[in-house]
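Participant: quick check, what structure comes out for this input:
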Amino acid sequence: MTNLEINKLSTSKIIVLVLVIMAIVYVLVNFLSSQRLQAYEESLTNKLEEQKEYLITMSNIIASNSVDDEVESIISDCDPSYRVSFNNLLDRLNNGLSEEELVELDNLLGRCGDYVSTSASIMSLRLGREIQIYQDYIVSLESLTGRKLEEEYMLDTFLSLASEEAAQALLATELVSLQDDIIKMLISGTQPDSPQMENVLNEVNEVQQNLLLASTKSNNFRSELNSI
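Facilitator: Residues are numbered from 1 along each chain as shown. Below you'll find the model as predicted:
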């Protein structure tokens, strides 16, 4: 065998060896990449499930007119004794209160009146923010897997729930404002059967009906989510 033939054979072996090494590297890189993608997919799926459970827990807290620890650190209710007096006087408002009781109710409204609506507003905002995080996870997982996942993870139901809770928070704030108007009108001497009072009472009735409707919708969406 001539030197030329030996060199050609050596070159061929080197080329084959290089190609084998490249193939091995290619397979290894693809394997490692696949492993990383699988691990990332599992991580996203776990985060989605955890966030879903967190959202359901938060929605149930809202349904019970309670707040979580984060909101409790921001806003607190009035003293329990004030709360009892406020609720008692407010429940009796339609039956007629003395001037002294109206003044007391007016003072208590400033202390206790907006706690429920304010806490509901904060919880509603937090729910919306957490649902946005949930949605971002879904979008990321869809991009990774190429599958549509919004229906599987009931995103529309969560978004609808957030919308109804936000509506309730706004209506609750409006109701407190109307209650304040009624109390001040009665203190100033406006008669309960006057046209001015009737207009305000009609507004109250409309707000209460809308509150009931939004609450019913929220409960329906919540029931769907609690069943998954």
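Participant: which strand or helix spans the closest residue to Q168 other than its chain neighbours?
Facilitator: Among residues not flanking Q168 along the chain, A214 sits closest, at 4.7 Å (Cβ to Cβ, 6 or more residues apart in numbering). Quick note: C-beta positions are derived from backbone N, CA and C, even for glycine. According to DSSP states H and E, A214 maps onto helix 195-226.
Participant: for that helix, buried residues please.
Facilitator: Residues of helix 195-226 classed as buried: 197, 200, 203-204, 207, 210-211, 214-215, 217-218, 221-222, 225 (neighbour count, 16 or more other Cβ atoms under 10 Å).
Participant: check stretch 58-74 too.
Facilitator: M58, S59, I62, V67, V71.
Participant: hmm, who's touching it?
Facilitator: 75, 116, 119-120, 122-124, 126-127, 130, 161, 165, 218-219, 222, 225-226 (Cβ atoms under 8 Å, 6 or more residues apart in numbering).
Participant: next, the distance between the ends of that stretch.
Facilitator: 17 Å (Cα to Cα, to the nearest Å).
Participant: now it: mean pLDDT?
Facilitator: This predicted structure assigns stretch 58-74 an average pLDDT of 88.
Participant: wait, what's in contact with the closest residue to L108 other than its chain neighbours?
Facilitator: Distance criterion Cβ to Cβ, 6+ apart; nearest residue to L108, sequence neighbours excluded, is F86 at 4.1 Å. F86 is in contact with C78, L105, L108, L109, R111, C112, G113, counting by Cβ under 8 Å, 6+ apart.
Participant: how close does the residue nearest to the spatial centre of the chain sit to L212?
Facilitator: In the chain, the C-alpha nearest the mean C-alpha coordinate belongs to L127, at 1.6 Å (Cα atoms, centre = their mean). In this view, L127 and L212 are 20 Å apart by Cβ to Cβ, to the nearest Å.
Participant: swap in N219?
Facilitator: The value you get for N219 to L212, if Cβ to Cβ is used, is 11 Å.
Participant: need the phi and psi values for E152.
Facilitator: The phi and psi values for E152, taken as degrees, to the nearest 10, are phi -60, psi -40.
Participant: returning to what we had before: the residue nearest to the centre of the chain contacts E165, correct?
Facilitator: Yes. Using Cβ atoms under 8 Å, L127 is in contact with E165, at 5.9 Å.
Participant: what about the nearest residue to R83 once chain neighbours are set aside, neighbour count?
Facilitator: Nearest residue to R83, sequence neighbours excluded (Cβ to Cβ, 6+ apart): C112, at 5.5 Å. Using other Cβ atoms under 10 Å, the number of residues around C112 comes to 20.
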